[in-house]
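Asker: show me how the following folds:
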Amino acid sequence: MGSDDYYVYMMSNKGRTTLYIGITSGLTKRVLQHRSGETSGFTKRYRCDRLLYFESFAKPSEAIAREKQLKRWSRAKKEALIQTKNPRFEDLAVSVLGLPPAASAHR
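Answerer: Okay, here's the model as predicted:
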């Protein structure tokens, strides 16, 4: 993960009942913001604090286009995409970014 990368990412809650797709230039920082409840709105309301999927891009325009594409997909298609890189739907913030497990207790 390069310092100049842009990321499209998918977050979910503990029960995986909700999926959120976002874009950022700082994936670790953004995941921490979601976990702390620092970001208001959808992810805070639905407690989306687990990183299930991400892709990196060199240009912000590429990331934005991909985010828009993924948001149009059905839930089944999004879950199939997640399974290609994360078949057990593990929290990648722990296994890839090295963060501690999500607590979901901050809300």
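
Asker: what's near enough to touch Ala65?
Answerer: Counting by Cβ atoms under 8 Å, 6 or more residues apart in numbering, Ala65 makes contact with nothing. C-betas here are computed from N, CA, C, even on glycine.

Asker: figure out the helix or strand that it lives in.
Answerer: Per DSSP states H and E, Ala65 falls inside helix 60-72.

Asker: ok, which stretches of the protein are strands?
Answerer: 6-12, 19-24, 50-57 (DSSP state E).

Asker: mind putting these in CSV, distance to Lys44 included?
Answerer: Converted to CSV, the strands of the chain look like this (distance: least, Cβ to Cβ, whole Å):
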stretch, distance to Lys44
strand 6-12, 11
strand 19-24, 10
strand 50-57, 14
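
Asker: tell me which of the ones you listed sits most buried.
Answerer: strand 6-12 (a mean of 24; mean count of other Cβ atoms under 10 Å).

Asker: closest one to Ser74 among the strands of the chain?
Answerer: Nearest to Ser74, of all those, is strand 19-24, at 10.8 Å by Cβ to Cβ.

Asker: save the strands of the chain as JSON lines, and put in mean pLDDT and distance to Leu32 too.
Answerer: Formatted as JSON lines, these follow (pLDDT from 0 to 100; distance: least, Cβ to Cβ, whole Å):
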{"stretch": "strand 6-12", "mean pLDDT": "97", "distance to Leu32": "12"}
{"stretch": "strand 19-24", "mean pLDDT": "96", "distance to Leu32": "11"}
{"stretch": "strand 50-57", "mean pLDDT": "97", "distance to Leu32": "11"}
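
Asker: returning to that earlier point: how distant is the helix holding Ala65 from the center of its chain?
Answerer: Centroid displacement of helix 60-72 relative to its chain, using Cα atoms, centre = their mean, to the nearest Å, is 13 Å.

Asker: buried residues in it?
Answerer: For helix 60-72, the neighbour count (16 or more other Cβ atoms under 10 Å) marks 63, 66-67, 70 as buried.

Asker: turn those into CSV, including distance to Pro101.
Answerer: As requested, these are exported to CSV (distance: Cβ to Cβ, whole Å):
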residue, distance to Pro101
Ala63, 27
Arg66, 28
Glu67, 26
Leu70, 25
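
Asker: before I go, just wanted to say thanks for your time.
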